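Trainee: Could you look at this predicted model? Sequence included:
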Amino acid sequence: MWRWLLPTVLGLLLAGCAKKLKVVHGSPAEPGEEVEVAKIDPGKYGGTFVMVDSVEPKTFNTDVPGDAYSMAAQTYIFDSLVRYNPMTCDASPALAKSWEIGDDKKTYTFHLRHGLKWSDGAPFNADDVIFTMDCIFAEITDPATGEKKLRYPNRGADDFTFGGKRMQYHKVDDYTVVLYTPEIFSTFVVNVANILLLPKHKLQAAFDDGSFLKMWSSQTAIDHPEEIVGMGPYVILKYQPGERIVYGPNPHFWRVDPKGQRLPFVDYFVDQFVATTESVLLTFATGQADYSGGPPFIPATDVPWITKNAKLYDYTVYNCGVDPGSRFYWFNLKPGTNKEGRNYVEPYKLAWFSNKLFRQAVMYGFDRAGVAKGVYFGRAEPEESIINQGNPLWYNPNVHHYPYDPVKARELLKQAGFHWDEHGQLADSSNHLVEFELNMNNTVVQLTDMASVFKSNMQDLGISVRLTPLDFGALLRKVDATYDYEACVIGWASSAGAVDPSEQKALLQTVSEDHLFNPIEPKPATDWEKRVDDLINLQEQSFDPVERKKAFDEIQMIYAEELPLLYVVTPNIYQAMQNKWRNVRIPPSGYLNWNQEEYWLATTPAERKPPENVAGIKTEQ
């Protein structure tokens, strides 16, 4: 009975919010303002678009290491020189109206749109682009070592470092900037879409006094949302922790519809927060939200019951094919000690985890086909590569496969020097019993369920696994900062990486913070890691798709042999949307609401129109 009351309660809450929040839709383009005319059906203003998430953003500062939820929230507020278009699988003009690539294939000249403004009305120009690059790449000299290091450490710098050299840049005039890559980088323009531009007039003082990374925290959004200024489609109107973020239209957004009406159309875009992914699904499936949300997508296990409610609550569930994202386990291979002098990993356990035969045995002993059948109800298949079946253009089907084979697993453990005691418990040559802790996100049921299967499978091998579900933020702190863990399981997704695997180089390169099993290595710890680094550099310097494919084929073969990441299953992607929204365009990969700024509310049957679709996308009705 209670679930039927929720829509009314939510509606009252939103109505209360709406009475207090001022909405300003932008006026038509001014003379000299080079807006983009979106190729969409002209719309009308009004309505509230509600999305539900189980995790809140941690920061609105684009240079502070964050997570998928923080980055998603940032894309609503900020924009870039180019945008990745999931419909065309390529870069399209954004704040830069055009660009040229020099004959050396290293010089990129971007021409900015004239007359644009930040959300607070301040003019946008090349100075903002240069300032953003300074925030990423500015260096200082370490007084103790004399070495140069980033003034404001961030992940973006790694993505634009080539052969140990940073990207260079300079301003030509107020509307022209040049970016240089020290080496040829064939996917550079697509990667530029990841650089969200920041307003110099708002952040220069913090940059100068050293407080830049403290700016625009979630507390800023709570206390002074108007201080967070961007070029994206929305501004923050109100942030209520644990409840919702209410976004309103950016009145100076740089896109209009064919009638000249400035996007976005909605009055309010609400991101509602609930405790778990189950609550996300329940909220959508009972008519309280417009989009099923992501990450994560609708789990395959929940598709049947969510589909049953589709007619009642007037939404459609879409089967968007195989998920190009990944779910994987890994062991902490970070050597050394922390600031307190404590080992990141006990030395004898690090010896286990560093043994390739041990990792291979674990993989053979994990019934991933059983996970696909039992956890995902057959709507998944075992994942075999760092580039999975969801990206057939780049997937290498010839990688080594690991079917469930506990006998093979035991043979490998014997080869690695392990034995079993009188109780059937696995022990190493020094008689340490093999046991470790596995950390996981406590909001994703599928990760918890598959971890239970993993625990049972490992027990069959005599290995004791202690499962520790954590809040996602706490999990990220272990993975990104303290390195205080033994094993983790996580989901990894990249819309652009689903098309070109170069977008996932941060996961593969040894110098990266996202090189999860041993981040920020001063140099490759193994020969195979060195080879992967070399192959990444090789493919980045080639515009030949055959040569690039060959490089990634070899990377996949190496990862399948060495198993620094233990892949689980590849499920199908399911997403759902209320039928009342116009201009919905369903991409071949990525999030269904990628163009949410173009949506408008159809209030009559005559205004409704089916979404634009691509081949292979099916509905579940």
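Mentor: Arrived safely.
Trainee: need the helices for the stretch 51-200 of the chain, in chain order.
Mentor: Taking DSSP state H, counting those that start in this stretch as the test, the helices found in the stretch 51-200 of the chain are 68-77, 126-137, 156-159, 188-192, 200-209.
Trainee: how close does Pro123 get to Asp449?
Mentor: 52 Å (CB to CB, to the nearest Å). No exception for glycine: its C-beta is placed from N, CA and C like everyone else's.
Trainee: do the same with Gly248
Mentor: From Gly248 to Asp449 the distance is 39 Å (CB to CB).
Trainee: Please apply the same query to Gln261.
Mentor: Gln261 is 47 Å from Asp449, by CB to CB.
Trainee: and what of Asn250?
Mentor: Between Asn250 and Asp449 the computed distance is 41 Å (CB to CB).
Trainee: who has more neighbours, these two?
Mentor: Neighbour count, other CB atoms under 10 Å: between Asn250 and Asp449, Asn250 has more, with 29 against 16.
Trainee: if I pick that one, what's in contact with it?
Mentor: 26, 119, 230-235, 264 (CB atoms under 8 Å, 6 or more residues apart in numbering).
Trainee: do that again at 10 Å, thanks
Mentor: Asn250 makes contacts with 24-26, 76-77, 79, 117-120, 229-235, 262-264, 597, as judged by CB atoms under 10 Å, 6 or more residues apart in numbering.
Trainee: which of those residues are buried?
Mentor: With burial judged by 16 or more other CB atoms under 10 Å, the buried subset of the contacts of Asn250 is 25-26, 76-77, 79, 117-120, 229-235, 262-264, 597.
Trainee: Among these, which ones are in strands?
Mentor: In this view, these that belong to strands under DSSP state E are 234-235.
Trainee: Show the end-to-end separation of stretch 453-467, please.
Mentor: One end of stretch 453-467 sits 11 Å from the other (CA to CA, to the nearest Å).
Trainee: got the buried residues for that stretch?
Mentor: 453-454, 457-458, 461-463, 465.
Trainee: Over to stretch 266-280?
Mentor: 266-274, 277, 280.
Trainee: where do the strands sit along the stretch 451-600 of the chain?
Mentor: With strands called from DSSP state E, counting those that start in this stretch, the stretch 451-600 of the chain shows them at 464-470, 487-492, 566-567, 569-578, 581-582, 600-601.
Trainee: Mind putting these into JSON lines with mean pLDDT and distance to His170?
Mentor: As requested, those are exported to JSON lines (pLDDT from 0 to 100; distance: least, CB to CB, whole Å):
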{"stretch": "strand 464-470", "mean pLDDT": "96", "distance to His170": "44"}
{"stretch": "strand 487-492", "mean pLDDT": "90", "distance to His170": "35"}
{"stretch": "strand 566-567", "mean pLDDT": "95", "distance to His170": "43"}
{"stretch": "strand 569-578", "mean pLDDT": "90", "distance to His170": "42"}
{"stretch": "strand 581-582", "mean pLDDT": "96", "distance to His170": "43"}
{"stretch": "strand 600-601", "mean pLDDT": "97", "distance to His170": "41"}
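Trainee: now these in TSV, with distance to Pro225?
Mentor: Listed next are the strands of the stretch 451-600 of the chain as TSV, based on distance: least, CB to CB, whole Å:
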stretch	distance to Pro225
strand 464-470	29
strand 487-492	29
strand 566-567	40
strand 569-578	27
strand 581-582	25
strand 600-601	24
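Trainee: Out of the ones you listed, which is closest to Phe331?
Mentor: strand 487-492 (5.1 Å; CB to CB).
Trainee: ok, the residue nearest the centre of the chain to Trp394 distance?
Mentor: Centroid-nearest residue in the chain, with CA atoms, centre = their mean: Ala68, separated by 4.2 Å. Between Ala68 and Trp394 the computed distance is 22 Å (CB to CB).
Trainee: likewise Ala193?
Mentor: 19 Å.
Trainee: And for Gly336?
Mentor: Taking CB to CB, one finds Gly336 at 35 Å from Trp394.
Trainee: Lys149 now?
Mentor: 34 Å.
Trainee: And stretch 106-114, what's buried?
Mentor: Residues of stretch 106-114 classed as buried: 106, 108, 110-113 (neighbour count, 16+ other CB under 10 Å).
Trainee: Among those, which one lies nearest to Ser430?
Mentor: Lys106 (53.2 Å).
Trainee: Tell me who's in contact with the closest one.
Mentor: By CB under 10 Å, 6+ apart, the neighbours of Lys106 are 162, 167-168, 179-185, 188, 541.
Trainee: can you rerun that using 7 Å?
Mentor: 180-181, 184 (CB atoms under 7 Å, 6 or more residues apart in numbering).
Trainee: Over to Thr132?
Mentor: So Thr132 contacts 195, 197-198 (CB under 7 Å, 6+ apart).
Trainee: pLDDT at it, what is it?
Mentor: Note on Thr132: pLDDT of 98.
Trainee: likewise Leu14?
Mentor: So Leu14 comes in at 49 (pLDDT).
Trainee: Same check on Ser495?
Mentor: pLDDT at Ser495 comes out at 52.
Trainee: Columns distance to Pro42, pLDDT and neighbour count on top of the contacts of Thr132, output as JSON lines?
Mentor: Output for those, formatted as JSON lines (distance: CB to CB, whole Å; pLDDT from 0 to 100; neighbours: other CB atoms under 10 Å):
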{"residue": "Ile195", "distance to Pro42": "31", "pLDDT": "95", "neighbour count": "22"}
{"residue": "Leu197", "distance to Pro42": "28", "pLDDT": "98", "neighbour count": "24"}
{"residue": "Leu198", "distance to Pro42": "32", "pLDDT": "98", "neighbour count": "28"}
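Trainee: Going along the chain, name the helices of the stretch 351-500 of the chain.
Mentor: For the stretch 351-500 of the chain, the helices defined by DSSP H, counting those that start in this stretch cover 356-364, 368-374, 406-415, 445-460, 472-477.
Trainee: buried set for the third one?
Mentor: Read it as helix 406-415. Buried, per 16+ other CB under 10 Å, within helix 406-415: 408-410, 412-413.
Trainee: next one: stretch 298-307
Mentor: Buried residues in stretch 298-307, counting neighbours by 16+ other CB under 10 Å, are found at 298-303, 306-307.
Trainee: again, but for stretch 251-259
Mentor: So, applying 16+ other CB under 10 Å, buried residues of stretch 251-259: 251-257.
Trainee: before we move on, what about stretch 199-209?
Mentor: Those would be 199-200, 202-204, 206-207, for stretch 199-209 by 16+ other CB under 10 Å.
Trainee: can you redo those residues as CSV with distance to Leu508?
Mentor: Output for these, formatted as CSV (distance: CB to CB, whole Å):
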residue, distance to Leu508
Pro199, 33
Lys200, 34
Lys202, 35
Leu203, 32
Gln204, 35
Ala206, 33
Phe207, 31
